[in-house]
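Novice: got a predicted structure plus its sequence, pasted below:
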Amino acid sequence: MNLLFIGDIFASPGRRIVADHLQDIAATNRIDLVIANAENSAGGFGITPAIADDLFALGIDVLTSGNHVWDKRDLYEYLDRQPRLIRPANYPDAPGKGIVTVASRSGIPCAVINLQGRTYMPSTDCPFRTADHLLSELDAGVKVRFVDFHAEVTSEKIAMGWYLDGRVSAVIGTHTHVPTADTRILPGGTAYQTDCGMTGPYTSVIGVDTTIVLQRFLTALPIRMEAAKSGAELHAVIVDVDESTGRARAIRRHAINGD
Ligand SMILES: [Fe+2]
């Protein structure tokens, strides 16, 4: 089965390019399951219930998130009633859940797990031990298992790839918004890429208006950040998973240049 993961959807340029291209990508690549990280889909900061509903309506099956999932207060109760939007599982006591099992278009059960790193990130429970715990409780019949590891540093992400190799179908990194060129399948059959890259405005500094970010670096003043508006690109990976074993057969990057 083919699984599509779309990297961090950032603000309206990110949402627009997904709306414009998702149907075509899914049809052309015979996609069975669509997952996307949407923690910054609302103006570059957080996600709202209305935006989550819109993204699901476009054909995304599961939304993952990260540290910015807490930016919008009205999302807290939404997380408790919409299991297909997950937050990092290693937050110790938070609304929502960090794992969901859904059926693919062809009826294959697929688990999606969201974890967050701890280096230069909020102090959460250990993501490695949290992964152990979640996998120990997961029905052994659920072979297809996707992990979005939302983390800052490459070493922590690569370490998670090796830690989960052979136990999940894919570990794909998010949060840093810059796609990495280390797409591969680890020896145990886990597809891996350190960062999927942002789906949003690339005429920017990781999604934020370039002039504002430069002013902040030059003056160190707390100038209000705003999402950039142009240079939309979509960055995703397509993973071909053997549904009988859960092992990845192939992974490839899929990118689209928009405006
Ligand atoms: Fe993040």
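Specialist: Yep, that arrived.
Novice: report how many residues lie close to the residue of the stretch 1-150 of the chain found nearest the ion.
Specialist: Nearest residue of the stretch 1-150 of the chain to the ion (C-beta to the ion) works out as Gly66 at 3.7 Å. (Glycine included, C-beta is placed from N, CA and C.) By other C-beta atoms under 10 Å, the residues close to Gly66 number 25.
Novice: do you know how far it is from Ala38?
Specialist: Separation of Gly66 from Ala38 (C-beta to C-beta, to the nearest Å): 10 Å.
Novice: just the helices in the stretch 151-259 of the chain please.
Specialist: Counting by DSSP state H, counting those that start in this stretch, one finds helices in the stretch 151-259 of the chain at the ranges 154-164, 210-219.
Novice: contacting residues around the last one?
Specialist: If you take C-beta atoms under 8 Å, 6 or more residues apart in numbering as the criterion, helix 210-219 is touched by 203-205, 221-226, 228.
Novice: could you do the longest one as well?
Specialist: For helix 154-164, contacts defined as C-beta under 8 Å, 6+ apart pick out 115, 117-119, 127-128, 131, 147, 149, 151, 171, 173, 180, 182, 186, 190, 192, 194-195.
Novice: picking up where we left off before, check what pLDDT the residue of the stretch 1-150 of the chain closest to the ion gets.
Specialist: With respect to pLDDT, Gly66 scores 98.
Novice: swap in Asp259?
Specialist: For Asp259, the predicted pLDDT is 64.
Novice: contacting residues for the closest residue to the ion within the stretch 151-259 of the chain?
Specialist: Nearest to the ion in the stretch 151-259 of the chain, going by C-beta to the ion, is His175, at a distance of 3.9 Å. His175 makes contacts with 8, 66-67, 117, 150-152, 195, as judged by C-beta under 8 Å, 6+ apart.
Novice: show me the beta-bridge partners of the most centrally placed residue in the chain.
Specialist: In the chain, the centroid-proximal residue (C-alpha atoms, centre = their mean) is Asn37; its distance is 3.2 Å. Beta bridges link Asn37 to Thr64 when assigned by DSSP bridges.
Novice: contacting residues for it?
Specialist: 5-9, 63-66, 148, 150, 174, 196.
Novice: any stretches of the stretch 101-250 of the chain with poor pLDDT?
Specialist: Within the stretch 101-250 of the chain, no range satisfies pLDDT under 70.
Novice: which residue ranges of it form strands?
Specialist: Residue ranges of the strands in the stretch 101-250 of the chain, as given by DSSP state E, counting those that start in this stretch, are 109-116, 144-150, 170-174, 184-185, 191-193, 200-201, 232-241, 248-257.
Novice: most tightly surrounded among the ones you listed?
Specialist: Among these, strand 200-201 has the highest mean neighbour count (mean count of other C-beta atoms under 10 Å), at a mean of 30.
Novice: before we move on, the earlier item: buried subset of the contacts of helix 210-219, written for PyMOL?
Specialist: Command for PyMOL, covering only those of the contacts of helix 210-219 found buried under the criterion 16 or more other C-beta atoms under 10 Å:
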select buried, resi 204+205+226+228
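Novice: re earlier: and the residue of the stretch 1-150 of the chain closest to the ion, what is it in contact with?
Specialist: 37, 39, 87-88, 114, 116, 150, 174-175.
Novice: near the ion, which residues of the stretch 51-200 of the chain show up?
Specialist: Applying C-beta under 5 Å from the ion, we find that the stretch 51-200 of the chain lies next to the ion at 66-67, 175.
Novice: now Ala94: which helix or strand?
Specialist: Take DSSP states H and E as the rule and Ala94 turns out to sit in neither a helix nor a strand.
Novice: run a quick neighbour tally on the residue nearest to it when sequence neighbours are not counted.
Specialist: Closest residue to Ala94 apart from its sequence neighbours, by C-beta to C-beta, 6 or more residues apart in numbering: Arg87 at 6.4 Å. Around Arg87 there are 25 other residues, counting by other C-beta under 10 Å.
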